[in-house]
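>>> 3D model of this:
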Amino acid sequence: MGDILSQEEIDSLLSALSSGEVDAEEMKNADERTIKNYDFKRPAKFSKEHLRTLELIFEHYGRLLSTNLPVYLRKNIQVSVVSSETVTFNEFTNALSNPVILGIINFQPLSGNILIDLTSSLGYAFIDRMLGGNGEPIDKVRDFSEIEMGILYKIITISAQLLREPWKNVIEVDPVLERIETNTQFAQIIAPNEMIAIVTLNVKMAEVEGFLNICIPYLTIETIIDNLNTKFFRLESL
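Sure thing, here's the model as predicted:
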């Protein structure tokens with residue numbers, strides 16, 4: 001005889017189905033019962049629906065980058081969403097190698113910051129292009145000069161401002177670049193074990209290709225997390 005669910009377990013299951021954490025079709029098509037351990041250190045705060053909505057937002061954002069950055073770089077850029085996932089902040093920072101290009105964005109009126117992580121190869125290529133070169137990365141990784149940091153600040157400021165339009169169907173935001181860090185130790189905006197969503201965009205400028213990661217802490221968007229669903233997003237877009 002199978003186990004009988006308690007009312008509390010039934011309510012939890014219905015809640016998970018509604019939020020998208022559990023896929024009804026996957027349950028229906030499952031050939032056998034599987035048991036998945038729940039990691040209380042990494043609670044599933046972002047559902048599949050949340051991640052899908054973030055992808056829609058950043059697909060729009062990618063189109064804006066493709067249109068606006070060439071005005072400053074005088075070279076065509078192609079931007080596309082590659083993936084979205086949830087990890088702890090510690091896992092994200094441990095995967096980065098110094099020097100990094102981390103733009104810390106005040107995501108007002110929400111309380112908290114998000115990060116824009118630009119791979120160094122793209123950063124060097126953008127700098128080279130802004131200084132009149134062909135937009136080529138350097139062969140050997142090195143620290144950025146004061147002049148180069150000023151150029152990166154301008155590029156990431158523009159990139160941050162372009163976040164307004166894609167997010168307006170969820171909330172009116174006024175992103176402001178607070179600072180750029182090139183060392184992960186100085187970019188600890190939240191506790192290491194806090195959950196974040198990462199949306200990865202592929203950026204290509206001629207022969208140079210790299211990633212731009214948007215790091216969104218759950219704590220930053222917790223108050224509007226219920227608006228991150230495709231039904232709400234599409235309704236507001238009409």
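
>>> and the helix or strand hosting Tyr61, what does it pack onto?
Element membership of Tyr61 [criterion: DSSP states H and E] is helix 48-73. Under the contact criterion of 3 or more C-beta pairs under 8 Å, 6 or more residues apart in numbering; DSSP states H and E, helix 48-73 touches strand 78-88, helix 120-130, helix 146-161, helix 164-167, strand 195-205, strand 208-217, helix 230-237. C-beta here means a position set from N, CA and C on the backbone, and glycine is covered the same way.

>>> contacting residues around the residue nearest to Leu64 when sequence neighbours are not counted?
Closest residue in space to Leu64, ignoring its immediate chain neighbours: Leu162 at 4.6 Å, by C-beta to C-beta, 6 or more residues apart in numbering. The neighbours of Leu162, taking C-beta atoms under 8 Å, 6 or more residues apart in numbering as the test, are Tyr61, Leu64, Leu65, Asn68.

>>> just to revisit the earlier point, how about the helices and strands packed on helix 48-73 in JSON lines, adding mean neighbour count and mean pLDDT?
Conversion of those to JSON lines gives the following (neighbours: other C-beta atoms under 10 Å; pLDDT from 0 to 100):
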{"stretch": "strand 78-88", "mean neighbour count": "16", "mean pLDDT": "96"}
{"stretch": "helix 120-130", "mean neighbour count": "22", "mean pLDDT": "91"}
{"stretch": "helix 146-161", "mean neighbour count": "17", "mean pLDDT": "95"}
{"stretch": "helix 164-167", "mean neighbour count": "16", "mean pLDDT": "95"}
{"stretch": "strand 195-205", "mean neighbour count": "20", "mean pLDDT": "96"}
{"stretch": "strand 208-217", "mean neighbour count": "21", "mean pLDDT": "95"}
{"stretch": "helix 230-237", "mean neighbour count": "12", "mean pLDDT": "59"}
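
>>> Let's have these in JSON lines, adding distance to Ser12.
Formatted as JSON lines, the helices and strands packed on helix 48-73 follow (distance: least, C-beta to C-beta, whole Å):
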{"stretch": "strand 78-88", "distance to Ser12": "20"}
{"stretch": "helix 120-130", "distance to Ser12": "44"}
{"stretch": "helix 146-161", "distance to Ser12": "38"}
{"stretch": "helix 164-167", "distance to Ser12": "31"}
{"stretch": "strand 195-205", "distance to Ser12": "19"}
{"stretch": "strand 208-217", "distance to Ser12": "25"}
{"stretch": "helix 230-237", "distance to Ser12": "22"}
